[in-house]
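[1] Kindly return the folded structure for what I paste below:
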Amino acid sequence: MTTHPWPDVLTPLFSRAMTCEYASLTRDGTPITTAVTPHLGVDGTTIDIATGLAYPLKAERARRNPKVSLYFSDPTGSGLRQPPRALVLGLATVRDADLQANTDRYVRLSARRFRTMTRLFPKRVQRRGAWYFARIWIHVTPIRIFWWPYGAYDQPPQVWEAPPGTAAPPSDPPPKGKSPGAAFRSQTDWHSALAYATTHLPDPVLTTVDPDSGYPRSLRLPVLSVNAGEGVVRLAPPPFDWPPCEGPASLLFHHHPETFTAQENLTFVGRAEAEATTITVRLSRQVGTFVLGRNRLDTLRSIMREA
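    Numbering: from 1, shown residues only. As a prediction, the model looks like this:
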């Protein structure tokens, strides 16, 4: 039986969540948050995520600055009833030296987790999809975990800390050559995307950087008001003691149905200002849009175009 270093109550969440919000830091310290699928590490001490070889920025940022976070705020599709909500601060280890092993693991785990989605891909597409299925793994060693029992924000979080001296293994050496960069082009008409996100998608995940520890910290907060034309979103502050949510920030809106056959994932960046009764986020651009359609043709088109 595999044992995990964190409290047992969190293991079902980490092992069964369809998505979590992964945050890593750019060179200038801006957090970038995207929705990813978590998997328990093989040795039981890490929480692992994968990113495509064709769009490696999540891994490149983590290799440069291993302080990352994983936020589990949406149990949709997990089959769990009233699970805890958890924020994992951890150290990342990037594994891309053995791409074949990485790809084999990704295909095996994805086929198990996303049975319905896998059936949307004809066999011939799967056979020709090495460019898409080739993966880089990021292993996250938890250093500190905040969690809220039953997912409610009605009380301060409980806190787990790793034993003193806990460290993550070093990442594989970076590959030679030029990075392919971002998978998704920055949007010029991002104000319309912001209007859509604040109207049609659930409350966003705000990520800022803790000035003391340097880790990105995420919270899902209600929208109080939005001025999409000016790129300004005002959020309700957390109802518990928490470091001020201010400075460089990202705002992630994402959604998927109970059976994972579609996904919307929109990320914006800017700056947050903590005020007495609101958090004002002044956005400057959109850094990514990932949308999977609700039918086979739309899904294939989205994968082929965006990945």
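[2] Can you pull the poorly scored residue ranges out of the stretch 201-307 of the chain?
    Scanning the stretch 201-307 of the chain for pLDDT under 70 picks out the ranges 292-307.
[3] all helices for it, in order.
    Ranges of helices within the stretch 201-307 of the chain are 296-306, based on DSSP state H, counting those that start in this stretch.
[4] quick one: the strands in it?
    205-209, 216-220, 223-227, 232-235, 247-255, 263-274, 279-292 (DSSP state E, counting those that start in this stretch).
[5] and the fifth one with strand 205-209, angle?
    To tie it back to what came earlier, the one meant is strand 247-255. 160 degrees (axes from the mean of the first three to the mean of the last three C-alpha atoms, to 10 degrees).
[6] quick one: low-confidence parts of the stretch 1-150 of the chain?
    1-2, 115-131.
[7] how about the strands in it?
    Under the criterion DSSP E, counting those that start in this stretch, strands of the stretch 1-150 of the chain are mapped to 20-25, 31-36, 39-40, 47-52, 67-72, 85-95, 135-148.
[8] Extract the CA atoms of the last one and return them as PDB.
    What that stands for is strand 135-148. Output in PDB follows, covering the C-alpha atoms of strand 135-148 (Å, rounded to 0.1, in the frame of the first residue of the first chain):
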ATOM      1  CA  ARG A 135       4.600  14.900 -23.000                       C
ATOM      2  CA  ILE A 136       6.800  16.600 -20.400                       C
ATOM      3  CA  TRP A 137       6.000  15.700 -16.800                       C
ATOM      4  CA  ILE A 138       6.200  18.100 -13.900                       C
ATOM      5  CA  HIS A 139       6.500  16.400 -10.500                       C
ATOM      6  CA  VAL A 140       5.400  18.700  -7.600                       C
ATOM      7  CA  THR A 141       6.800  17.900  -4.200                       C
ATOM      8  CA  PRO A 142       4.300  19.500  -1.600                       C
ATOM      9  CA  ILE A 143       6.000  21.800   0.900                       C
ATOM     10  CA  ARG A 144       2.900  23.400   2.400                       C
ATOM     11  CA  ILE A 145      -0.800  22.600   1.900                       C
ATOM     12  CA  PHE A 146      -3.800  24.800   2.900                       C
ATOM     13  CA  TRP A 147      -7.100  23.000   2.900                       C
ATOM     14  CA  TRP A 148     -10.700  23.800   3.800                       C
END
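[9] For the helix or strand following it, which strands pair with it and how are they oriented?
    Downstream of strand 135-148, the next assigned helix or strand under DSSP states H and E is strand 158-161. The pairing partners recorded for strand 158-161 under DSSP bridges are strand 135-148 (antiparallel).
[10] Minimum distance to residue 5: which of the strands of the stretch 1-150 of the chain has it?
    strand 135-148 (7.1 Å; C-beta to C-beta). To be clear about C-beta, it is placed using only N, CA and C from the backbone, and glycine gets the same treatment.
[11] ok, back up a step: may I see the strands of the stretch 201-307 of the chain organised as a markdown table, with mean neighbour count added?
    Listed next are these as a markdown table, based on neighbours: other C-beta atoms under 10 Å:
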| stretch | mean neighbour count |
| --- | --- |
| strand 205-209 | 25 |
| strand 216-220 | 24 |
| strand 223-227 | 15 |
| strand 232-235 | 21 |
| strand 247-255 | 23 |
| strand 263-274 | 21 |
| strand 279-292 | 19 |
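[12] Out of those strands, which gets nearest to residue 197?
    Nearest of these to residue 197, taken as C-beta to C-beta: strand 247-255 at 3.9 Å.
[13] which strands and helices sit next to that closest one?
    Under the contact criterion of 3 or more C-beta pairs under 8 Å, 6 or more residues apart in numbering; DSSP states H and E, strand 247-255 touches strand 20-25, strand 31-36, strand 205-209, strand 263-274, strand 279-292.
[14] so can I have a markdown table of these showing distance to residue 103?
    A markdown table is the format used below for the helices and strands packed on strand 247-255 (distance: least, C-beta to C-beta, whole Å):
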| stretch | distance to residue 103 |
| --- | --- |
| strand 20-25 | 20 |
| strand 31-36 | 17 |
| strand 205-209 | 29 |
| strand 263-274 | 21 |
| strand 279-292 | 20 |
